[in-house]
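A.B. asks: Compute the structure for the input listed below.
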Amino acid sequence: MGAVLEIGLTGGIGSGKSTVIKYLLRCGAVVIDADAIVRELQVPGTPVFDLMLERWGEQILSVDGSLNRQRIADLVFGNDEELLALNAMVHPSVAAEIDSRRAEFSVTDSTVILDVPLLVESGYKGFSGVIVVDLEPEKAVQRLVRYRGFHENDARLRMSRQVSRFERLAIADFVVDNSGSLTDLELEVGRCWSWITSLPRPTPGSTFSSIGS
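C.D. replies: The predicted model follows:
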């Protein structure tokens, strides 16, 4: 049996998690990306897609029949009831798929980074460590507008629906500061990788708790 090392990674919208993940992949980690899994589970013909279409109709579709993610965001991020409905459709399937992929690595000696935006909300505490990618919220808004084409109000609304910066930092075992340049961030990730490699490996064959439990 392997001694897989599982590290949770989270951060607010616009914090730069995707870039941190890119650097960690270069270091030799493998990644389970919750957002990517969400997209896979929402392609046309999947059960999640069908549930979303049943609730909101064809207004959520792009001309090619795929989901129009901006339209969905417009519908749910200003409406608690609709956001809860979306989460109820998506989260159980995502949690099950994450656990399935984790099980595939459980017999290896891999270092697995689980990129889970809602890590704080899930209350999950079974990782060997938790990384928080940190960025001052106003700077995150600026980067979302400048580099990802967000409208400022949309960026702020999405941010308001997430847990606070303080709540994320409270669960961190290692904080990656992304307030500087890309060169600074790469150095930060280098420090982070040194910390990861210093962690003790779990007992081979030990079981893990479900991300959705």
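A.B. asks: Ile32 falls within a strand, correct?
C.D. replies: Yes. Counting by DSSP: H, G, I helix; E, B strand; the rest coil, Ile32 is found in a strand.
A.B. asks: Please report the number of neighbouring residues for it.
C.D. replies: As a burial measure, Ile32 scores 22 neighbours (other Cβ atoms under 10 Å). Placement of C-beta: from N, CA and C, glycine included.
A.B. asks: Looking at this structure, which helix is longest?
C.D. replies: Ordering each helix of the chain by length in residues (DSSP state H) puts helix 80-105 first.
A.B. asks: by contact count, what packs against that one?
C.D. replies: Helices and strands touching helix 80-105, as assessed by 3 or more Cβ pairs under 8 Å, 6 or more residues apart in numbering; DSSP states H and E, comprise strand 30-33, helix 34-41, helix 47-56, helix 69-76, strand 111-115.
A.B. asks: try 6 Å this time
C.D. replies: Applying 3 or more Cβ pairs under 6 Å, 6 or more residues apart in numbering; DSSP states H and E, we find helix 80-105 packed against helix 34-41, helix 47-56, helix 69-76.
A.B. asks: Of these, which is nearest Phe127?
C.D. replies: Ranking these by proximity to Phe127 (Cβ to Cβ) places helix 34-41 first, at 13.5 Å.
A.B. asks: which element follows the helix or strand containing Ala140 toward the C-terminus?
C.D. replies: Element membership of Ala140, judged by DSSP states H and E, is helix 137-148. Toward the C-terminus, helix 137-148 is succeeded by helix 152-160 as the next helix or strand (DSSP H and E).
A.B. asks: How far away from the center of its chain is that next one?
C.D. replies: 17 Å (Cα atoms, centre = their mean, to the nearest Å).
A.B. asks: Would you mark the buried spots in it?
C.D. replies: Neighbour-count burial for helix 152-160 flags Asp154, Ala155, Arg156, Arg158, Met159 (criterion: 16 or more other Cβ atoms under 10 Å).
A.B. asks: Show me what that helix is packed up against.
C.D. replies: Helix 152-160 packs on helix 137-148, going by 3+ Cβ pairs under 6 Å, 6+ apart.
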